[in-house]
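Student: this one's structure only:
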């Protein structure tokens, strides 16, 4: 198991946006952290009230937004417009090309969210959009599947062999995830503190697991985490 400590991540402060980059992104380049199999980007973003990302384009990427606090307003060239709140998972398939904007609609509160990019199974897919809510009760003390290649169990559908789980843990709450042969896991702690196979991880820390076997997670304090199970 390899640990990616929060303080080792890239960082950009644009005033209106403070962003930590788990993997190489924009002006931050680390040849040792270019991604994890098909998982390409995890950016932890904090956007000031009333500010945001103006209309810009993407292509050939599966983009997931996961809000931790506040709200994020989304608009795109497919005609979608929505507000993403904690517990919501938004998936936008950029495919052959899509333009969109994301902004903090609040006049007083920060929005704190994770922007996740996953490489698609193939290039040239049709653009698409999906958003679903996963209430706290469905994630408390358990790994709730929120994104998958086949959309099973009510998860959003991503065009890649990835299963993304979200969990909320209290102190002492245990979790177990089985990493099968030929699979790999990336555990990202969004808030709080946990142990992963006995190793303490705090907010922003992550663990990469490449060997098959049981992945044992326990809460040390109230925590929120994501587990990516990738081929």
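Tutor: Thanks, I have it. Nothing here was measured: the structure is a model prediction, and the numbers come from that model.
Student: And the residue lying closest to residue 180 once chain neighbours are set aside, how far from residue 47?
Tutor: Using CB to CB, 6 or more residues apart in numbering and skipping the chain neighbours, the partner closest in space to residue 180 is residue 212 (5.8 Å). Just so you know, the C-beta spots here come from the backbone N, C-alpha and C atoms, and that holds for glycine as well. When CB to CB, to the nearest Å is applied, the distance between residue 212 and residue 47 equals 39 Å.
Student: and what of residue 209?
Tutor: For residue 209, the distance to residue 47 under the criterion CB to CB works out to 31 Å.
Student: okay, those two: which has more neighbours?
Tutor: Neighbours were tallied for residue 209 and for residue 47 using other CB atoms under 10 Å; the higher tally belongs to residue 47 (23 against 20).
Student: Just list the residues touching the residue nearest to that one when sequence neighbours are not counted, thanks.
Tutor: Of all residues beyond its chain neighbours, the one nearest residue 47 is residue 104 (4.5 Å), with distances taken as CB to CB, 6+ apart. Taking CB atoms under 8 Å, 6 or more residues apart in numbering as the criterion, residue 104 is in contact with 47, 48, 49, 50, 51, 52, 70, 71, 72, 73, 110, 111.
Student: Hmm, residue 111 and the first one touching each other?
Tutor: So that's residue 47. Yes: Residue 47 is in contact with residue 111 according to CB atoms under 8 Å; the separation is 5.0 Å.
Student: shared neighbours of those two, which are they?
Tutor: The contact lists of residue 47 and residue 111 share 72, 104, where a contact means CB under 8 Å, 6+ apart.
Student: one step back: ok, the residue nearest to residue 180 - contacts?
Tutor: Residue 212 makes contacts with 179, 180, 181, 182, 183, as judged by CB under 8 Å, 6+ apart.
Student: how close does the residue sitting furthest away from the middle of the chain get to residue 70?
Tutor: For the chain, the C-alpha lying farthest from the average C-alpha position belongs to residue 107; by CA atoms, centre = their mean, that distance is 25.2 Å. In this structure, residue 107 lies at 12 Å from residue 70, with CB to CB as the measure.
Student: For the spatially most central residue of the chain, give me the backbone phi and psi.
Tutor: Among the residues of the chain, the smallest C-alpha distance to the mean C-alpha position (CA atoms, centre = their mean) belongs to residue 116, namely 4.4 Å. With angles defined as degrees, to the nearest 10, residue 116 shows backbone torsions of phi -120, psi 130.
Student: who's it bridged to?
Tutor: With DSSP bridges as the criterion, residue 116 is bridged to residue 42, residue 64.
Student: What distance do you get for it to residue 38?
Tutor: As judged by CB to CB, residue 116 and residue 38 stand 11 Å apart.
Student: hang on, residue 213 packs against residue 179?
Tutor: Yes: here residue 213 reaches residue 179: they are 6.0 Å apart, a contact under CB under 8 Å.
Student: Who has more neighbours out of the two?
Tutor: Between residue 213 and residue 179, counting by other CB under 10 Å, residue 179 is the more crowded of the two (17 against 11).
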